[in-house]
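Colleague: below: sequence and its predicted model.
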Amino acid sequence: MSNEVTQRKIEHVQAALSHDISAPQQANWSDIHFVHQALPEVDLDQLDTSVTFLGQQLRYPIFISSLTGGHPDVTTINRNLARAAERYGLALGVGSQRAAIVNPELAASYTVTREQAPHAFLIANIGAPQLIAQAGHSPFSLEQVQKAISMIEANALAVHMNSLQEAAQAEGDRRARGASAALTTLTGQLKLPVIAKETGAGICREQALLLRACGVAAIDVGGAGGSSMPALEAARHKQSTENESGLNIGQLYKNWGLATPISVVEAATAQLPLIATGGIRNGLDAARALALGATLVGIGFPFLKAASESYERVCELLESTVAELKVAMQLSGASNLAQLHEVDVVVLGQTRAWLELRGFEDELKAMAQRRWRYLQTRLNAS
């Protein structure tokens, strides 16, 4: 089991860096429009990008998404990411720690994050399928989950939900019944916050409410529009195995899921802190996600690619993203992130069509008239 998991880890990274695994379905961030403020009365160099997430102050609302670990060859990637998280005051997630739980010799590919980022907000990572009994293995014990947390001295634990990816793996864990009950038990046993994390198929309103009932402290919506886990598995099968079934499922379902902007609006129903991950490729996309209601924005593949090159490339990506985010904040009249959550946002296109069919008409209208309603209140008060 340990060799199989370890091999899968490095194959995932190799496939992501050498193949186009982007989802054909676009995140449709261009459907989200800010109402331009010609006289913003906000200085670009004086913007406050800090945010509090699960009790910790972060300098920027950018989350280096849970990416990798579990193989010696990816240690440098995690080292580069951790150095940047420490320097810029970011939250950083590691990839699934299943490999190191099964084989402690692989822990170094994860522990390097805390070594390089002693003050950063680090998020440990296990899979929801591993919380229940599978055909090939028993569920993780509480002791094993605690091992993942202590491995990186984590500030929070992500439980990733990847049923679609598992279905596309020849060796995937197929069972899902009982996962919500197991998650509820786990959140009741742990003292640190648990983040429910989708891995590319999004979170709908009903599932967000279920996750809240399970006791999670935050949700990473992991929407469609960025890297596609089925496409990743298809690429892996194509380059390393002859498993035709996994290849076909990966290709057929690479367009499955809810786009990230839709997921943010739907998941906001649960009134929990949200991480918007999936297809965010610049600071304008990040601003759009924050204006829709996200607390943080998660960026995955661009950081993986940059970290595979150098620490300096990670820093360049961060600085350009922050600079782009600040321009959107100024032009929408927001001097801080709290104000960005309250600027006028007009949602059009496929995103609006979906949300209207799902019963979010009032929310869409309210987002488009936030500032106007605020001004009306002030005028009426005077």
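Modeller: Arrived safely, thanks for sending.

Colleague: thinking Pro193 is in contact with Leu54, fair?
Modeller: Yes. Here Pro193 reaches Leu54: they are 5.0 Å apart, a contact under C-beta atoms under 8 Å. All C-beta atoms are positioned from the backbone trio N, CA, C, and that covers glycine.

Colleague: so what sits against both of those two?
Modeller: 156, 217-218 (C-beta atoms under 8 Å, 6 or more residues apart in numbering).

Colleague: what about Ile152, how many residues nearby?
Modeller: Neighbourhood size, Ile152 [other C-beta atoms under 10 Å]: 27.

Colleague: could I get the contacting residues of it?
Modeller: 94, 110-111, 113-114, 122, 124.

Colleague: and the residues you listed, which two are furthest apart?
Modeller: Thr111 and Ala124 (11.3 Å; C-beta to C-beta).

Colleague: these two: which is more packed in?
Modeller: Between Thr111 and Ala124, Ala124 has the larger neighbour count (other C-beta under 10 Å), namely 29 against 19.

Colleague: host element of that one?
Modeller: Under the criterion of DSSP states H and E, Ala124 resides in strand 121-127.

Colleague: quick one on the thing from earlier: closest to Ala84 out of the contacts of Ile152?
Modeller: The closest of the contacts of Ile152 to Ala84 turns out to be Thr113 (C-beta to C-beta; 11.0 Å).

Colleague: can you tell me the closest non-neighbouring residue to the closest one?
Modeller: By the measure of C-beta to C-beta, 6 or more residues apart in numbering, the closest residue to Thr113 outside its immediate chain neighbours is Ala82, 4.2 Å from it.

Colleague: how near is the residue positioned nearest the centre of the chain to Leu331?
Modeller: Taking C-alpha atoms, centre = their mean, the centroid of the chain lies closest to Thr277, which sits 3.6 Å from it. Noted for Thr277: a distance of 24 Å to Leu331, by C-beta to C-beta, to the nearest Å.

Colleague: low-confidence regions, the stretch 101-250 of the chain specifically.
Modeller: 237-246 (pLDDT under 70).

Colleague: mutual contacts of Thr111 and Ala124, please.
Modeller: 151-152.

Colleague: got a markdown table for the shared contacts of Pro193 and Leu54, with secondary structure too?
Modeller: What follows is the shared contacts of Pro193 and Leu54, written out as a markdown table (DSSP: H, G, I helix; E, B strand; the rest coil):
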| residue | secondary structure |
| --- | --- |
| Ala156 | strand |
| Ala217 | coil |
| Ala218 | strand |
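
Colleague: neighbours around Gly55, how many?
Modeller: So Gly55, with other C-beta under 10 Å, has 10 neighbours.

Colleague: and Lys147, by the same measure?
Modeller: 18.

Colleague: just the helices from the stretch 251-382 of the chain, written as ranges.
Modeller: Shown for the stretch 251-382 of the chain, the helices assigned by DSSP state H, counting those that start in this stretch span residues 260-267, 283-292, 301-309, 311-331, 337-340, 349-357, 361-368, 370-381.

Colleague: what's the answer for the stretch 51-200 of the chain, then?
Modeller: 75-88, 98-102, 108-116, 142-151, 163-168, 179-189.

Colleague: any chance of those helices in a markdown table, plus distance to Ala234?
Modeller: Below are the helices of the stretch 51-200 of the chain laid out as a markdown table (distance: least, C-beta to C-beta, whole Å):
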| stretch | distance to Ala234 |
| --- | --- |
| helix 75-88 | 22 |
| helix 98-102 | 21 |
| helix 108-116 | 25 |
| helix 142-151 | 28 |
| helix 163-168 | 7 |
| helix 179-189 | 25 |
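
Colleague: of the ones you listed, which is nearest His33?
Modeller: Proximity to His33 (C-beta to C-beta) singles out helix 75-88 among the helices of the stretch 51-200 of the chain, at 28.7 Å.

Colleague: between the shared contacts of Pro193 and Leu54, which is closest to Glu105?
Modeller: Ala156 (25.5 Å).

Colleague: quick check: the gap between that closest one and Asp73.
Modeller: Plainly put, Ala156 is 27 Å away from Asp73 if you go by C-beta to C-beta.

Colleague: neighbour count for those two, which is higher?
Modeller: Each of Ala156 and Asp73 has its neighbours counted (other C-beta under 10 Å); Ala156 has more, 23 against 12.

Colleague: hmm, that one is touching Ala120, no?
Modeller: No. The criterion here is C-beta under 8 Å, and Ala156 misses it with Ala120 at 11.7 Å.

Colleague: thinking Val343 is in contact with Val35, fair?
Modeller: Yes. In this structure, Val343 is within contact of Val35 by C-beta under 8 Å, at 7.3 Å.
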